[in-house]
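> next input, structure requested:
(2 chains)
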Amino acid sequence: TVVTQEPSLSVSPGGTVILTCGLSSGSVSTSWYASWYQQTPGRPPRTLIYNTNFRSSGVPDRFTGSILGDKAALTITGAQAEDECDYYCALYMGSGTWKFGGGTKVTVL
Amino acid sequence: QLQLQESGSGVVQPSQTLSLTCTVSGDSESVPTDSWSWLRQPPGRGLEWIGYIFHSGISGSTHYNPSLAGRVRILLDRSKKQFSLNLTSVTAADTAVYYCARIQPRQYFDYWGQGALVTVS
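Predicted structure coming up:
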C-alpha cells in the first residue's frame, strides 16, 4: 500500500489550496490517524495536524485537517508567502507502523 | 519544552553499521514512559519511518518498518534518557538525514530532533 500525495500544487497569495493524502488501495478514514507535517529546506518537519483534524499547538488556524471523500485533506485558507514549502502526510497503518506520503511542494505565486 | 538531539557518525563505509543516538532533554522525565521513533529522509526525497520503541518490559518493545526489518535495531537507555539506532549492512541507499522524534498516543510525531546527515561512502 502506497500513501499518495500530489507532487506539487500552487496557490495565489490569500487563496485556498487543498492537499490530499490517499491510499493506493482503499480509503482513508479517521481510523488512520492522519497527521500532517510542514518542512522548509534544511529544517526538521513541524507538526501541523494530528488525528485527522486536531491542530498542533501554535499552528495558525488557516491550516485545517479533514476527511474529503476517501482521502485525508489539509486545507490552507488565506495562503501566505511563508506557506511555500513541502508538506507531508503520515498514516498510522496499524500494528505499530506508519507510512508517509511522498510530499507535496506548495508554491505561493 | 522537550528537546531531542541526534549524534553519531556522519560517514559510514558500505557494509558497515550505522549508529546514532538521540538524547532527550527538557521534560526528559517522560523518556521511560513515552514512545520514541527514528525516521529518515534521503537527500531531495520524502520522509520514511524506520521504527519505534515504547516502554514495555525491561528493555522496551519495538516495531520496525518491514522494508528495513532484519537490519535495524532500536534501543532505549532510560537512565541516560537516550535511545539509539543501529542499521547494519548499509549501502549508498541508506544515505539520509536521520531524525529522532517522540510519538504521541494519537499516533503522531510531535517533537523532532534537528536531524543528522549520515553519508554512506
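> which elements pack onto the host helix or strand of A:Leu74?
Using DSSP states H and E, A:Leu74 maps to strand A:71-77. Judged by 3 or more Cβ pairs under 8 Å, 6 or more residues apart in numbering or on different chains; DSSP states H and E, the packing partners of strand A:71-77 are strand A:16-23, strand A:63-68, strand A:86-94. Using the backbone N, CA and C atoms, a C-beta is placed for each residue, glycine as well.
> swap in 10 Å and give it another go.
Judged by 3 or more Cβ pairs under 10 Å, 6 or more residues apart in numbering or on different chains; DSSP states H and E, the packing partners of strand A:71-77 are strand A:8-11, strand A:16-23, strand A:35-39, strand A:46-50, strand A:63-68, strand A:86-94, strand A:104-108.
> give me the neighbour count for A:Asp61.
Using other Cβ atoms under 10 Å in any protein chain shown, A:Asp61 has 8 other residues around it.
> any idea what the closest residue to it other than its chain neighbours is bridged to?
Nearest residue to A:Asp61, sequence neighbours excluded (Cβ to Cβ, 6 or more residues apart in numbering or on different chains): A:Arg55, at 6.9 Å. Beta bridges link A:Arg55 to A:Ile49, judged by DSSP bridges.
> so what's the closest residue to chain A within chain B up against?
Nearest to chain A, among the residues of chain B, is B:His63, at 3.3 Å (Cβ to the nearest Cβ). The contact partners of B:His63, taken as Cβ atoms under 10 Å, 6 or more residues apart in numbering or on different chains, are A:95-98, B:35, B:37, B:49, B:51-54, B:69, B:74.
> redo that, cut-off 8 Å
Contact analysis of B:His63 by Cβ atoms under 8 Å, 6 or more residues apart in numbering or on different chains lists A:95-97, B:51-52.
> switch the residues you listed over to CSV; also include neighbour count, secondary structure and distance to A:Thr30.
Shown next, in CSV, are the contacts of B:His63 (neighbours: other Cβ atoms under 10 Å in any protein chain shown; DSSP: H, G, I helix; E, B strand; the rest coil; distance: Cβ to Cβ, whole Å):
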residue, neighbour count, secondary structure, distance to A:Thr30
A:Ser95, 7, coil, 18
A:Gly96, 16, coil, 19
A:Thr97, 15, strand, 18
B:Gly51, 22, strand, 25
B:Tyr52, 25, strand, 22
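> up against chain B, what does chain A have?
For chain A, the contact set with chain B under Cβ under 8 Å from any Cβ of the partner chain comprises A:33, A:35, A:37, A:44-47, A:50-51, A:54, A:56, A:88, A:90, A:92, A:95-103.
> separation between the most centrally placed residue in chain B and B:Ala116?
In chain B, the centroid-proximal residue (Cα atoms, centre = their mean) is B:Trp38; its distance is 2.8 Å. From B:Trp38 over to B:Ala116 the distance is 10 Å, taken as Cβ to Cβ, to the nearest Å.
> what residues are shared contacts of the two?
B:20, B:98-99.
> tell me which of the helices and strands packed on strand A:71-77 sits most buried.
Sort the helices and strands packed on strand A:71-77 by mean neighbour count, taking mean count of other Cβ atoms under 10 Å in any protein chain shown, and strand A:35-39 sits at the top with a mean of 25.
> how big is the angle separating that one from strand A:104-108?
Here the directions of strand A:35-39 and strand A:104-108 differ by 60 degrees (axes from the mean of the first three to the mean of the last three Cα atoms, to 10 degrees).
> avg pLDDT for strand A:35-39?
Averaging pLDDT along strand A:35-39 gives 98.
> now do it against strand A:63-68, angle only.
Interaxial angle, strand A:35-39 versus strand A:63-68 (the same axes, to 10 degrees): 140 degrees.
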